[in-house]
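K.L.:
The following block contains a protein sequence and its predicted model.
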Amino acid sequence: MPQDSGTRTLISQAQLERGRGRIIYWTLLAVVVVGFTLVFIGPLYWMVTGALKSGQEIAQTPPSLFPKDPQPQNYVDAWHNLDLAKLLFNTFYYATGAVLFQLVLDTAAAYSLSKLRPVFGNAILGLMLATLMIPAMVLIVPQYVTVIDLPILHLNLLDSPFAIWLPLVANAFNIFLLKRFFDSIPEDLMAAAFVDGATPLRTLWSIILPMSRPILGVVSIFAVTAVWKDFLWPKLVMPSPETRTVSVGIYAFAGGTPMNVVIAASVIAAIPTVVIFLIFQRNIMSGLTTGSLKG
Amino acid sequence: MAITTVPGTTRQPGRPEPPYPTSRRRTSLGRKVRDNLSGHTFLIGAVVCFAVFSWYPMVRGIVMSFQRTRRGETTWVGWDNYARIIADPSFWTAWKNTFYFTFLALVLGYAVPFFVAILLNEFRHARGYLRILVYLPVMLPPASALFLFKFYAYDPSEAGLFNAVLAALHLPTSEWMQSPGMTMPAMVLASTWMNMGSAVLIYLAALQNIPGELYEAAELDGAGIWRRIRHVTIPQTRLILALLAMMQIVATMQLFIEPLILANGAGTGDSATSVAYLIYQHGFFQNDLNGAAALGVIMLVVLAGFSAVYVRLTAKQD
């Protein structure tokens, strides 16, 4: 990690390099690396290999470390019986839409609040940030009632992807992250663009957005993982088997399916987020900490 | 995901002023009018979404809790929904369970990430690897991770991972989710494993903001490691510590998916029923959306109480 080499922490570099300190340091490091690998990767190994075991092998005591007679068939069964292709496609579709809606609407709103600063802008921002204080479970019932009978329009959004996309736009954390980033872009650039006759849309498109790629990346990644991990909301608003997300689909099948097949399906469902994490881990971690630390 | 913002916690004193004027006086009247018009145009999409899916449901939830809708007819019923929900035999059990979970999660899930972060911050090697490990479970869909715990870890026979390890160490095995006494600790364990990564990373970032001179000075004064943690690390990170405690209380009080998947909802002898699960039960199984809304309002009031305590405590410290 870059910025912390050379910075003094709890224990000084010198102490760690001296005889006894060095031995303790390396012992502790080895214990932690092995221990953490067991604690955090171990269960995943158990999951992937467990799904390869036969029903008989799963029930045996003590459990076997390696599947004796690997049954890739479990994964194939999971794929076909649960129609995972359909479930994964649905989830992917909702995630893509969520990213687009959040990028367009939240970026526009944050740009407006940061740079155009219309009348009542601060009041609106305050009301948006206030929603961070409301626990999701408290809103679940009235939100559901709203979605099945939209005010004024009287539309029912059940089984419509808009029931996932639109509520996700109301994400105060995105607005905060984006606005804070836009705030750091010099006002002079805005003034220069105005003198050149650029419209606010043009300024956003040609000046602000190209400078904001990192933060747009963070917002997108969080949008995808939020949709992939969410459970209760998609379960409520996507009741038909054809529109389910992958987590909800696996849950719906868990009752009547052999458990090694359920676990195989869980493994498949987890692959996309794990891959996203391994590719974008730097962005994810920096987004997580900038959002929470630097006001 | 439990991420919140801490306005101003680490604002460095004496951060230089931006070199450009930030006042609006410099902008011309023409630009002002135009910015206002387009400003509202840019805002409208997000504002409509907030209005329809956040602000309005908040009000609607409170209104609904005083109404009853039956066969399409809505009438005002005063406190009836509250009376009915409190009379539910599961009501107090659910609160007791939820508080117990929150308490256990604070003991385990709150202290552990802090010390893990302190430990990780001392290492000069394998830093990236350890961070990825700790955060990996956060990225798993909770349903996937919980099925893993349910079927492979918490199997009550010795075929389960935990019991196999316990048996190998000649320790007594447990029935896990099938024994009412173990239900909550088992759920806290699973929940901590899934969620601690974000807290660890947030603490790590906070630890890196502690000026090294403070440790040096403390060491020169003869303070050992524990005293340095107590008198430098903890005071320097106390705002983050307080904030994450608050966020964790709010998150754990909404305990839902763990009982739903690990304990099939209520668990053995109602040992897993949580308040959030009760909201779900009333709203979507017992066809009592008004009662569920009332329970939601009760939950909001309780959590607002916690927030008020938090605000008072942190305000006093400053």
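P.N.:
It's in. Model, not experiment: these values are computed from the prediction.
K.L.:
and residue 129, how many neighbours?
P.N.:
All of this is about chain A. Using other C-beta atoms under 10 Å in any protein chain shown, the number of residues around residue A:129 comes to 16. For glycine as for every other residue, the C-beta is placed from the backbone atoms N, C-alpha and C.
K.L.:
Correction: the question concerned chain B.
P.N.:
13.
K.L.:
per-residue pLDDT, the most centrally placed residue in chain A?
P.N.:
Closest to where the C-alpha atoms of chain A average out (C-alpha atoms, centre = their mean) is residue A:225, at 2.4 Å. Residue A:225 is assigned 87 on the pLDDT scale.
K.L.:
Could you list the low-confidence segments of the chain?
P.N.:
Let's take chain A. A:1-7, A:290-295 (pLDDT under 70).
K.L.:
looking at chain B here, not the other one
P.N.:
Within chain B, the segments meeting pLDDT under 70 span B:1-27, B:316-318.
K.L.:
mind checking which helix or strand the residue positioned nearest the centre of it is in?
P.N.:
When chain B is reduced to its mean C-alpha position, the nearest residue by C-alpha atoms, centre = their mean turns out to be residue B:251, at 2.5 Å. Secondary structure assignment for residue B:251, by DSSP states H and E: helix B:238-253.
K.L.:
Who are the packing partners of the strand or helix carrying residue B:39?
P.N.:
Following DSSP H and E, one finds residue B:39 within helix B:29-50. Contact partners of helix B:29-50 among helices and strands, from 3 or more C-beta pairs under 8 Å, 6 or more residues apart in numbering or on different chains; DSSP states H and E: helix A:107-111, helix A:121-130, helix A:162-169, helix A:200-203.
K.L.:
try it again with 6 Å
P.N.:
helix A:107-111, helix A:162-169 (3 or more C-beta pairs under 6 Å, 6 or more residues apart in numbering or on different chains; DSSP states H and E).
K.L.:
Are the helix or strand that comes right after the longest one and chain B in contact anywhere?
P.N.:
The reference is to helix A:162-169. For helix A:162-169, the succeeding helix or strand toward the C-terminus, using DSSP H and E, is helix A:172-183. Yes. Counting by C-beta under 6 Å from any C-beta of the partner chain, contacts between helix A:172-183 and chain B involve A:173, A:176.
K.L.:
outside of helix A:172-183, which residues touch it?
P.N.:
Identification of contacts with helix A:172-183 by C-beta atoms under 6 Å, 6 or more residues apart in numbering or on different chains yields A:102, A:106-107, A:109-111, A:113-114, A:128-129, A:131-132, A:212, A:215, A:219, A:291, B:3, B:5.
K.L.:
got the buried residues for that helix?
P.N.:
Across helix A:172-183, burial judged by 16 or more other C-beta atoms under 10 Å in any protein chain shown covers A:172-182.
K.L.:
for stretch A:52-60, same thing?
P.N.:
Residues A:52-54, A:57-58 are the ones in stretch A:52-60 that count as buried (16+ other C-beta under 10 Å).
K.L.:
circling back: adding distance to chain B, write the helices and strands packed on helix B:29-50 out as CSV.
P.N.:
Below are the helices and strands packed on helix B:29-50 laid out as CSV (distance: least, C-beta to the nearest C-beta, whole Å):
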stretch, distance to chain B
helix A:107-111, 4
helix A:162-169, 4
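K.L.:
picking up where we left off before, what sits against the residue nearest to the centre of chain A?
P.N.:
Here residue A:225 is in contact with residue A:273 (C-beta under 6 Å, 6+ apart).
K.L.:
how close does it get to residue A:78?
P.N.:
As for residue A:225, its distance to residue A:78 is 22 Å (criterion: C-beta to C-beta, to the nearest Å).
K.L.:
Can you tell me the closest non-neighbouring residue to residue B:158?
P.N.:
residue A:61 (4.0 Å; C-beta to C-beta, 6 or more residues apart in numbering or on different chains).
K.L.:
touching chain B at all, the helix ranked longest in chain A?
P.N.:
Taking DSSP state H as the criterion, chain A has its longest helix at helix A:259-293. Yes. Using C-beta under 6 Å from any C-beta, we find that helix A:259-293 touches chain B at A:259, A:262-263, A:266, A:269-270, A:273-274, A:277, A:281, A:285, A:288-289, A:291-293.
K.L.:
Show me how the record splits chain A into domains.
P.N.:
Using automatic domain parsing, the domains assigned to chain A come out as A:13-74, A:77-293.
K.L.:
Among these, show me which one is buried the most.
P.N.:
Of all the domains of chain A, domain A:77-293 has the most neighbours on average by mean count of other C-beta atoms under 10 Å in any protein chain shown, namely a mean of 19.
K.L.:
Distance from it to the middle of the chain?
P.N.:
Here domain A:77-293 shows a centroid-to-chain-centroid distance of 8 Å under the convention C-alpha atoms, centre = their mean, to the nearest Å.
K.L.:
The closest residue to chain A within the stretch 101-250 of chain B - how many residues pack around it?
P.N.:
Proximity of the stretch 101-250 of chain B to chain A (C-beta to the nearest C-beta) peaks at residue B:212, 2.7 Å away. For residue B:212, the count of nearby residues is 14 (other C-beta under 10 Å).
K.L.:
Wait, it touches residue A:11, no?
P.N.:
No. If you go by C-beta atoms under 6 Å, residue B:212 and residue A:11 don't touch, sitting 11.1 Å apart.
K.L.:
Nearest to chain B among the buried residues of stretch A:52-60?
P.N.:
Chain B has its nearest neighbour among the buried residues of stretch A:52-60 in residue A:58, at 6.6 Å by C-beta to the nearest C-beta.
K.L.:
and residue B:206, what is it in contact with?
P.N.:
So residue B:206 contacts B:237, B:240 (C-beta under 6 Å, 6+ apart).
K.L.:
contacting residues around the spatially closest residue to residue A:70 that is not a sequence neighbour?
P.N.:
Once flanking residues are discounted, residue A:70 sits nearest to residue A:52: 4.4 Å by C-beta to C-beta, 6+ apart. By C-beta under 6 Å, 6+ apart, the residues touching residue A:52 are A:67, A:70-71.
K.L.:
which one of those residues sits closest to chain B?
P.N.:
Of the contacts of residue A:52, the one sitting nearest to chain B (C-beta to the nearest C-beta) turns out to be residue A:67, at 12.7 Å.
K.L.:
how about the closest one, phi and psi?
P.N.:
Main-chain dihedrals, residue A:67, degrees, to the nearest 10: phi -60, psi 130.
K.L.:
wait, isn't it in contact with residue A:49?
P.N.:
Yes. If you go by C-beta under 6 Å, residue A:67 and residue A:49 touch, sitting 5.4 Å apart.
K.L.:
Quick check: closest non-adjacent residue to whichever residue of the stretch 1-150 of chain B sits closest to chain A.
P.N.:
Nearest residue of the stretch 1-150 of chain B to chain A: residue B:39, at 3.0 Å (C-beta to the nearest C-beta). Residue nearest to residue B:39 in three dimensions, not counting chain neighbours: residue A:118, with 3.0 Å by C-beta to C-beta, 6+ apart.
K.L.:
Report the secondary structure state of the one you found.
P.N.:
For residue A:118, the assignment made with DSSP: H, G, I helix; E, B strand; the rest coil gives coil.
K.L.:
got a list of what it touches?
P.N.:
B:36, B:39-40.
K.L.:
do that again at 10 Å, thanks
P.N.:
By C-beta atoms under 10 Å, 6 or more residues apart in numbering or on different chains, the contact set of residue A:118 is A:112, A:124, B:32, B:35-43.
K.L.:
Pull out the buried residues from these.
P.N.:
A:112, A:124, B:32, B:35-36, B:38-40, B:42-43.
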